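Undergrad: got a predicted structure here, sequence first:
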Amino acid sequence: MKENYSQKTTDEILKIIINYENEENLFSKKIKGVYFYKLIRVGLYNKILNVILGTKNAQDSMRNGTIVFNFLKKYIVNLFNKDKKSFDVLLFDTGRVFSYEGQKESIYMYDIIKKLKNKELSFRIVYPWITPNENRVFEAPPTFKYFLQYIFLTIKLKLNKKLNFQKFDIDETRFIENCNKELCNLLGINPNLSLFDKSEIDREIEKFKIQYNYYFSYFKKKNIKEIYIICAYGKEGVVAAAKDLNIKVIEIQHGTITKYHLAYHYPTNQKIPYFPKYFYSFGKYWEEIVAFPKGTKLKVYGFPYLQNQLIKYKDVEEKKDQILFISQGHIGEKLLYKAIEFALKNRNKNIVYRLHPGELRYSIKNYMSILQKYTLNNFILEDCKEELYKLMKESEYIFAVSSTTVYEALALGKDVGIINLPSYEEVIDLIRQSYVDFYEEKDINEIYISHFKNTDYNKFFNMEMEEGLC
């Protein structure tokens, strides 16, 4: 049974976490020789939000069997295609692509790839090997040994958890337990909850060591000069290995970053380990609303993909009465119920509920089960088959909570309504500066559009990258 904790706001939760990590100098603490807190910070924050605010994980996790199958499928294809050459640049991409001039291109890196080709710099791309991808060009596939290390680690951690065994010394165990008790007390939640979970800490440290050892050797062998990373958190071992070899590490912005995104917001004088030296942002706006680690070199990369989409869909006509809801994994079910209630009260409107790609594995089944309880002829559960920008451009109005899509919709000139659900605070600046409408009430019965909207959308995205970045 879920415990009824005194409701704290996201701001209060954030303040407690930041004050505690600063008082305890958590970023300087090592466990098993690794700065562990940087590895667990994002997960810790999300876990706290799950407990207090009732949110869920942002994306569906992937079953181990699916991971193994997808890896082996890609590994076998590359089995006899070993690349023994050195190269200058290694890119860590997400695998997300779009169609451009008849080709599949990387959403976040196609402009960088184009410039590398023009400069005749040799490069390879690391794709997420746990997921299928139709566009694995210039691939640098991992070795089978690297994959087996993860398999053995998974088995080992499962056994350790079942046997309640983690190999920490007495001081490390006492430190973890004290951190857990103190933070639970500060948050006013059950101290028996495992916020600082020993099995999770053990897992992240072991993953870090596998990453570090593999890429330290790989970078030396291939004589890499610089690396570009999409989403560097979760790849701390890669960043650490590159830094120890004096390789230039650049992270490229891939989504919304605010003070509520603890992979990027560090209001502290502590040195932050395993963070890239360079961060390339969508625009100056993003550099000003979070406290990046001291010494991070910030540059504007822009969002060339967005420019392409604005041109592609500029002439798409709006469909009267089409209302678009943008889902997010952590509040997807709550938002779905809001959309259903709106559809029931507005039978003349056609509701499109657009899923996040991370909800397509398992959440979609739950959503379909919920929808079967209602008789709705004006509701579509859109499972990422339609082009998102086309959907946004043709919709009369867009509802969302805190998705990056909010900013993209504004760039398209659309009216956007923010719904009062957990994480709406991430776009509080847009609400305060009148870029969007805010629906604070429990039920959304109708649409209201402010006639005094701020339309200075250019500050969010530079359409072209600054000179000399690549």
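TA: Happy to help now that I have it.
Undergrad: next, count neighbours for residue 344.
TA: 14 (other CB atoms under 10 Å). Yep, even glycine has a C-beta here, placed from its N, CA and C like the rest.
Undergrad: same question for residue 95.
TA: Neighbours of residue 95 (other CB under 10 Å): 18.
Undergrad: okay, it: pLDDT?
TA: Note for residue 95: predicted pLDDT of 78.
Undergrad: ok, it to residue 128 distance?
TA: Distance from residue 95 to residue 128, counting by CB to CB, to the nearest Å: 5 Å.
Undergrad: ditto for residue 168
TA: Distance of residue 168 to residue 128, computed by CB to CB: 30 Å.
Undergrad: what's the answer for residue 445, then?
TA: 42 Å.
Undergrad: neighbour count: the two, which is higher?
TA: Set side by side, residue 445 and residue 128 show more neighbours around residue 128, with 15 against 11, by other CB under 10 Å.
Undergrad: residue 172: how many residues sit nearby?
TA: By other CB under 10 Å, neighbour count at residue 172 equals 18.
Undergrad: looks like it contacts residue 31 (just checking).
TA: Yes: Residue 172 is within contact range of residue 31, at 5.1 Å (criterion: CB atoms under 8 Å).
Undergrad: who's in contact with the residue nearest to residue 383 when sequence neighbours are not counted?
TA: Once flanking residues are discounted, residue 383 sits nearest to residue 355: 5.4 Å by CB to CB, 6 or more residues apart in numbering. Each residue near residue 355 by CB atoms under 8 Å, 6 or more residues apart in numbering is listed here: 327, 332, 363, 364, 367, 381, 382, 383, 384.
Undergrad: where does the second one fall, phi/psi-wise?
TA: Its backbone dihedrals place residue 332 at phi -60, psi -50, with angles given as degrees, to the nearest 10.
Undergrad: mind listing what it touches?
TA: 56, 355, 356, 359, 363, 367.
Undergrad: okay, helices next: where are they in the stretch 251-400 of the chain?
TA: For the stretch 251-400 of the chain, the helices defined by DSSP state H, counting those that start in this stretch cover 284-288, 304-312, 332-345, 363-371, 388-394.
Undergrad: orientation of the fourth one relative to helix 332-345 in degrees?
TA: To tie it back to what came earlier, the one meant is helix 363-371. Put simply, helix 363-371 runs at 30 degrees to helix 332-345, going by axes from the mean of the first three to the mean of the last three CA atoms, to 10 degrees.
Undergrad: and helix 363-371, what's buried?
TA: 363, 364, 367, 371 (16 or more other CB atoms under 10 Å).
Undergrad: which secondary structure elements does that helix sit against?
TA: helix 332-345, strand 379-382 (3 or more CB pairs under 8 Å, 6 or more residues apart in numbering; DSSP states H and E).
Undergrad: out of those, which comes closest to residue 419?
TA: The closest of the helices and strands packed on helix 363-371 to residue 419 is helix 332-345. By CB to CB, the value is 6.0 Å.
Undergrad: re the thing from before, can you tell which of the helices and strands packed on helix 363-371 is closest to residue 416?
TA: helix 332-345 (14.0 Å).
Undergrad: buried stuff in the closest one?
TA: 332, 333, 334, 335, 336, 338, 339, 340, 342, 343.
Undergrad: low-confidence bits of the protein, can you list those?
TA: Along the chain, the model assigns pLDDT under 70 to residues 1-6, 56-83, 129-136, 162, 164-166, 463-468, 470.
Undergrad: biggest helix in it, by residue count?
TA: The longest helix of the chain (DSSP state H) is helix 198-222.
Undergrad: ok, then the element right after that one?
TA: strand 226-230 (DSSP states H and E).
Undergrad: who does that following strand pair up with?
TA: Strand 226-230 pairs in its sheet with strand 89-92 (parallel), strand 248-252 (parallel), by DSSP bridges.
Undergrad: quick check: neighbours of the following helix or strand past the shortest one in the sheet, parallel or antiparallel?
TA: In this case it means strand 89-92. Downstream of strand 89-92, the first helix or strand assigned by DSSP H and E is strand 97-100. Strand 97-100 pairs in its sheet with strand 103-106 (antiparallel), by DSSP bridges.
Undergrad: now the strand it pairs with - C-alpha only, CSV.
TA: Taking C-alpha atoms only, strand 103-106 is exported to CSV below (Å, rounded to 0.1, in the frame of the first residue of the first chain):
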residue,chain,number,x,y,z
GLN,A,103,18.6,9.7,-46.8
LYS,A,104,18.2,8.8,-43.2
GLU,A,105,20.2,11.3,-41.1
SER,A,106,21.0,11.7,-37.4
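Undergrad: from the contact counts, what lies against whichever helix or strand comes after that strand?
TA: The first helix or strand that comes after strand 103-106 along the chain, using DSSP H and E, is helix 110-118. Counting contacts by 3+ CB pairs under 8 Å, 6+ apart, helix 110-118 packs against strand 89-92, strand 123-126, helix 304-312.
Undergrad: would you turn the ones you listed into CSV with distance to residue 209 and mean neighbour count?
TA: Shown next, in CSV, are the helices and strands packed on helix 110-118 (distance: least, CB to CB, whole Å; neighbours: other CB atoms under 10 Å):
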stretch, distance to residue 209, mean neighbour count
strand 89-92, 18, 23
strand 123-126, 18, 20
helix 304-312, 35, 18
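Undergrad: would CSV of those with distance to residue 160 be doable?
TA: Converted to CSV, the helices and strands packed on helix 110-118 look like this (distance: least, CB to CB, whole Å):
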stretch, distance to residue 160
strand 89-92, 29
strand 123-126, 29
helix 304-312, 42
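Undergrad: between the ones you listed, which gets nearest to residue 251?
TA: Nearest of these to residue 251, taken as CB to CB: strand 89-92 at 9.3 Å.
Undergrad: touching that closest one from outside, list them.
TA: With CB under 8 Å, 6+ apart, strand 89-92 has contacts from 109, 112-113, 116, 121-126, 140, 219, 222, 224-230, 235, 238.
Undergrad: show residues contacting stretch 204-219.
TA: Contacts of stretch 204-219 (CB under 8 Å, 6+ apart): 31-32, 34, 36, 39-40, 43, 90, 142-143, 146, 149-150, 153, 156-157, 224, 227, 235-238, 240-242, 244-245, 247.
Undergrad: contacting residues around the residue nearest to residue 10 when sequence neighbours are not counted?
TA: Leaving out its chain neighbours, the residue that sits closest to residue 10 by CB to CB, 6+ apart is residue 425, at 4.8 Å. Residue 425 makes contacts with 9, 10, 11, 260, 402, as judged by CB under 8 Å, 6+ apart.
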